[in-house]
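Student: pasting the sequence and the predicted model now:
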Amino acid sequence: MSESKSAKSGGTAGSRAGGTEGAATSARIGVLKTYKLFVGGKFPRSESGRVYEVTDSKGNWLANPPLASRKDARDAVVAARKAVGGWSGATAYNRGQILYRIAEMLEGRREQFIGEVAAGEGLSRAKAAGRVDAAVDRWVWYAGWADKIAQVAGGANPVAGPFFNLSSPEPTGVVAVLAPRRCSFLGLVSVLAPVIVTGNTAVLVPSEERPLPALSLSEVLATSDLPGGVVNVLSGRASELGTPLAAHQDVNAIDLAGAGPELARDLEIAAADNLKRVVRPAPDREPDWRGDPGTARMLPFLETKTVWHPVGS
Amino acid sequence: MSSASTVPPEPTATASTPPTAPRAGQSPAPADAAFADVTASEAALRRYLHGLPGVDAVGLEARAATLGTRSIKTTAKAYAIDLAISMIDLTTLEGADTPGKVRSLCAKAITPDPSDRTAPRVAAICVYPDMAAIAKEALAGSGVHVASVATAFPAGRTARPVKLADTRDAVAAGADEIDMVIDRGAFLAGRYLEVLEEIRAVREACERPDGSFAHLKVIFENGELSTYDNIRRASWLAMLAGADFIKTSTGKVAVNATPANTLLMLEAVRDFRAATGVQIGVKPAGGIRTAKDAIKYLVLVNETAGADWLSPDWFRFGASSLLNDLLMQRHKLSTGRYSGPDYVTVD
Amino acid sequence: MAFDVFEYAPAPESRAIVQLAPSYGLFIDGEFRESSDGKVFKTVAPASEEVLAEVAQGSAKDVDAAVRAARAAFPKWSALPGAERAKYLFRIARVLQERSRELAVLESLDNGKPIRETRDADLPQVAANFFYFAGWADKLPHAGYGPDPRPLGVAGQVIPWNFPLLMLAWKIAPALATGNTVVLKPAETTPLSALFFADICRQAELPPGVVNIVTGDGPVGAELVAHEGVDKVAFTGSTAVGKSIARTVAGTAKKLTLELGGKGANIVFDDAPIDQAVEGIVSGIYFNGGQVCCAGSRLLVQESVAEEVLDALKRRISTLRVGDPLDKNTDIGAINSAAQLARITELADAGEAEGAERWSPHCELPSSGYWFAPTVFTHVTQAHRIAREEIFGPVLSVLTFRTPDEAVAKANNTPYGLSAGVWTEKGSRILRMAQQLRAGVVWSNTFNKFDPTSPFGGYQESGYGREGGRHGLEAYLDV
């Protein structure tokens, strides 16, 4: 489906992002999908009953996803907190396997995501395909980090005394993530995967204008052996959802990638109340998410724990 | 050395040999003499219990898991299923229990499978004290024992005279076996002697007018004791106090019998017999629902305590839904078809 | 009860899952081919002496062809972006997982070890190693070897028969992740799983020449390590062969890692968790029938608990089930070869002749195949051959000690230094012992644990270099 065709036929049956090719010429009426939130492994509508209109880059209607409320945010934090024990307690190997499984499942739904990214971001099919492939590879990149980050970020410390002394990174807990506003899929994966690979759980607020890839990703996550509650996705307004999340006493960290400068400052102030770990948005403009991610987005959500133990017979 | 090729004997004898309480009628606590100094004071008892070898949780659980991979097939499976049925303390411990419910369970205990009279009967029916008399009457002459919980089961949070009265009531109502709970509060607070004395007192309350004793099972509630070291200590404490059986749990808390905590208790009875010559039984209870689970427990018994414990005299399952699954597996073995819940009785 | 034994009926794993061809060729440049001189050898099932298949006996010419293929594949392979190399390794890991039961049965057949071990230990570890190193392929700049560490070139790898596929994984996974290409020679008595692995490389569409498998006997391995086109030599096997390889590569630019023999001490203190220590002693010496370089073949037990521990140990050993490797309930399988059986028998007889006390449980061994009953020697001293030489079989030598210092002294009194075990509930003593023991791996309150993330390798004559973990990358990088 070409970009322009998608836009022109916006709103007609079967022609949504990721819809069947050739729908316009076929007599068959397509089956449209209702996009929903993803909380605790389930797909609820917003408790508020609200939805909002999402359009493609040309303004054509695409979908009515839920407009999540602060109560949805509250529920998502509860779900995320409940999942912390099991997820952080899983072996790193197991977490790595699950992230790799996400990549496998995404690869199989590549076409759907290309359609959604192309429509939402106004990219050519080829460019959108590049973004989606990079996003799949990013899951693979982070899958490999699961059992290596401790070897890079931890280690034995040669203290001056008869003590064994070892530092290891541990997940900080529940992380609220405001995903990038422009790069709706690669950017989203680039901020989500590093949070969960290390054993944190996430409450994710995708791009307000381009939430569809995130909501579809939920369907992939739900079928990738990822335990319910590890990732919770709330479509809606970053300003409305960011405030309760930043102020929430049971959230341990917040990634402000998708917040504008003013909102980011306000949320950082709110986050100071329980000393959340805060990752600020890039200054000026959204970064190019295609670059080498390094370890920069994993380390902020890790606590270093150091154990002392005497050595002696 | 075990040989993998020997075929076990046909399990027909299971049904015709009624389970017997081996030490019923004898004087209590025969191990006392050997360990008199250990139980002489709170300090001595504490030193003894804390001097037991530690338990490495990872190693214990790994051993239980490895034994869980044993593959029990064909003739060995048939043997194990009938043995497991004969070891069941078929249990109903609900606030909603009625005479009707207890009687129907008793009928099931005597004839677990109306369509196949070769299925062995279970070891006992396990009920609350006020249902003991009804069970006794329903089971009269069947050889199936009546086990009654007592001592303010399951929490045990009441005064000792009440616990003893509870026990005497159950014995007077005809209970062949008493399943008591230890005072976990006292145990966790380190008042071991108090726990020991209470077990002894309950044991005395198990005495019948003719001088014989109801068989005493001592429940630890492993889930509340929480650590394997505690479970090992509780095992020795109860055995020193004269328990006939040690039992994992009430079935009323989140963590009940597990392969690992049962393995640990089997090690304890094995070591206790080596030290004193006295054999004590083990009863895992709660959470054992499938034939597959039950067979895993029998493998634990076989390879830990040994074949001497492979009898309802020395090993029991506290269970309710387990029986029907064993019966369905029994159907499968005899017919070659998988059975379904509509082909066993609902009680 | 009327019956006093709960015997387990035979529970054999089906052989039907493995399709064995009558003959197998060498895997060179992505193709299976006959040996240049047409020679073959037979591989047998050690449990029954049944011939499983004929396998090509590689020649010097074949080794040369394999090295050339690897050489030719190297530029493209090493130039691939790490993320793309990673995806090949992930694919291999996935296919290994998919085919793990088949490979477990094959390994049991060809090696003689119990299916319980191949199914629950070897194969899960094999796949895990590929997963782990796959993840490193695009993260090498983070591994602590500089911003852009480079591969070495062609790795010549020679592996033993005790964990055929796992040793292959330990060798091939880090080599490929770092961008090297490989010529691997599996052991003469266990070539089959490596050839099945070659097929997995094809399923994963690994480019031809990146992995080459040349089967054959010792001289083939010698050809490989001596070949001029090899940049890196990795060997796991006996100390004697390891020394000769070290001499061979002397004066060349070849990087060498050796993982050799051991005489591991398993040290049990009087405050140990006894039941778990007994399990650890048993798995330490009877896992894979003691045919393990890091086996806990010397039990050092504190005198104050020696009797108690030995009684418990013998009781436990009496429950071990020796027999058909494919029976799911078998604990100890066959010895891998007639030659190995002869070596074990000779050393055990020497132990008896030198005055140690020999004990085995009552044990009926199958009439065909290579078998050795689990054996314990007590009253062993440091002077006995069975306390010094690697037996590589199910034979435990028991010594006693009085103090931690004496335990350390005895444990370290060996030219080897691969593994050690420490059993005590006292944490500070564990760490003190670990500090004092001259061994590459120290297990405390456990034994014979392996993980792709954990480096493995020895001190002294147990070899040099480490396999596994971040440290395992160094062996395959030009650093």
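Tutor: It's in. These numbers were taken from a predicted model, which means no experiment stands behind them. Numbering: from 1, shown residues only, chains lettered A, B, ... in the order given.
Student: CA atoms for contacts and neighbours, from now on please.
Tutor: Fine.
Student: buried ones in stretch B:239-259?
Tutor: B:239-252, B:255-259 (16 or more other C-alpha atoms under 10 Å in any protein chain shown).
Student: and that stretch, what's its mean pLDDT?
Tutor: Stretch B:239-259 comes out with an average pLDDT of 97.
Student: does chain C have contacts with it?
Tutor: No - residues of stretch B:239-259 contacting chain C under C-alpha under 8 Å from any C-alpha of the partner chain: none, with a closest distance of 15.2 Å.
Student: what ranges does chain A have for its strands?
Tutor: A:54-55, A:61-63, A:155-156, A:163-171, A:174-178, A:201-205, A:231-233, A:253-255, A:277-279, A:302-310 (DSSP state E).
Student: let me have those strands in TSV, extended by mean neighbour count and distance to residue C:70.
Tutor: Putting these into TSV (neighbours: other C-alpha atoms under 10 Å in any protein chain shown; distance: least, C-alpha to C-alpha, whole Å) gives the following:
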stretch	mean neighbour count	distance to residue C:70
strand A:54-55	20	54
strand A:61-63	20	53
strand A:155-156	13	36
strand A:163-171	19	39
strand A:174-178	30	47
strand A:201-205	29	44
strand A:231-233	29	44
strand A:253-255	28	46
strand A:277-279	19	46
strand A:302-310	15	42
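Student: count of neighbours near residue B:124?
Tutor: Here the number of neighbours of residue B:124 (other C-alpha atoms under 10 Å in any protein chain shown) works out to 30.
Student: tell me which helix or strand residue B:186 sits in.
Tutor: Secondary structure from DSSP states H and E places residue B:186 in helix B:184-188.
Student: try residue B:166
Tutor: Following DSSP H and E, one finds residue B:166 within helix B:160-172.
Student: buried sites along that helix?
Tutor: For helix B:160-172, by 16+ other C-alpha under 10 Å, it's B:160, B:163, B:164, B:165, B:166, B:167, B:168, B:169, B:170, B:171, B:172.
Student: going by distance to chain C, which of those residues wins?
Tutor: Top of the list for closeness to chain C, among the buried residues of helix B:160-172 and by C-alpha to the nearest C-alpha, is residue B:171 at 26.6 Å.
Student: where does the spatially closest residue to that closest one that is not a sequence neighbour land on pLDDT?
Tutor: Spatial nearest neighbour of residue B:171, excluding adjacent residues (C-alpha to C-alpha, 6 or more residues apart in numbering or on different chains): residue B:206 at 6.2 Å. What the model reports as pLDDT for residue B:206 is 98.
Student: so which bits of the helix holding residue B:186 are buried?
Tutor: In helix B:184-188, counting by 16+ other C-alpha under 10 Å, buried: B:184, B:187.
Student: tell me who's in contact with the residue nearest to the spatial centre of chain A.
Tutor: What sits nearest the mean C-alpha location of chain A, by C-alpha atoms, centre = their mean, is residue A:192, with 3.4 Å. Counting by C-alpha atoms under 8 Å, 6 or more residues apart in numbering or on different chains, residue A:192 makes contact with A:177, A:179, A:202, A:204.
Student: quick check: the gap between the last one and residue A:267.
Tutor: The gap separating residue A:204 from residue A:267 is 15 Å, by C-alpha to C-alpha, to the nearest Å.
Student: which of the contacts of residue A:192 lies closest to residue A:114?
Tutor: residue A:179 (18.5 Å; C-alpha to C-alpha).
Student: do I have it right that the closest one meets residue A:257?
Tutor: Yes - using C-alpha atoms under 8 Å, residue A:179 is in contact with residue A:257, at 5.7 Å.
Student: now do the shared contacts for these two.
Tutor: Residues touching both residue A:179 and residue A:257 by C-alpha under 8 Å, 6+ apart: residue A:191.
Student: between the two, which has more neighbouring residues?
Tutor: Using other C-alpha under 10 Å as the criterion, residue A:179 and residue A:257 rank with residue A:179 on top: 29 against 22.
Student: in terms of helices and strands, where is residue B:193?
Tutor: Judged by DSSP H and E, residue B:193 forms part of helix B:192-205.
Student: after that helix, heading C-terminal, what element do we hit next?
Tutor: Helix B:192-205 is succeeded, C-terminally, by strand B:215-219 (DSSP H and E).
Student: quick one: neighbours of the closest residue to chain C within chain B, just the number.
Tutor: Distance from chain C to each residue of chain B (C-alpha to the nearest C-alpha) is smallest for residue B:54, at 4.6 Å. For residue B:54, the neighbour count with other C-alpha under 10 Å is 20.
Student: quick check, it in contact with residue B:229.
Tutor: Yes - using C-alpha under 8 Å, residue B:54 is in contact with residue B:229, at 6.0 Å.
Student: residue closest to the middle of chain B?
Tutor: Note: chain B centre (C-alpha atoms, centre = their mean) maps to residue B:283, 2.2 Å.
Student: that one pairs with what?
Tutor: Note on residue B:283: beta-bridge partners by DSSP bridges are residue B:247.
Student: so who does whatever residue of the stretch 201-350 of chain C ends up closest to chain B touch?
Tutor: Using C-alpha to the nearest C-alpha, the closest approach of the stretch 201-350 of chain C to chain B is made by residue C:273 at 4.6 Å. Residue C:273 is in contact with B:53, B:54, B:55, B:56, C:423, C:424, C:425, C:445, counting by C-alpha under 8 Å, 6+ apart.
Student: what's opposite residue C:301 in the beta bridge?
Tutor: Beta-bridge partners, per DSSP bridges, of residue C:301: residue C:268, residue C:400.
Student: and it, how close does it get to residue B:59?
Tutor: Counting by C-alpha to C-alpha - residue C:301 and residue B:59 are separated by 19 Å.
Student: could you check which of the two is surrounded by more residues?
Tutor: Taking other C-alpha under 10 Å, residue C:301 and residue B:59 do not tie; residue C:301 has more neighbours (24 against 20).
Student: got a pLDDT number for the more buried one?
Tutor: pLDDT, residue C:301: 98.
Student: dump the residue contacts of it.
Tutor: Shown in contact with residue C:301 (C-alpha under 8 Å, 6+ apart): C:267, C:268, C:269, C:309, C:398, C:399, C:400, C:401.
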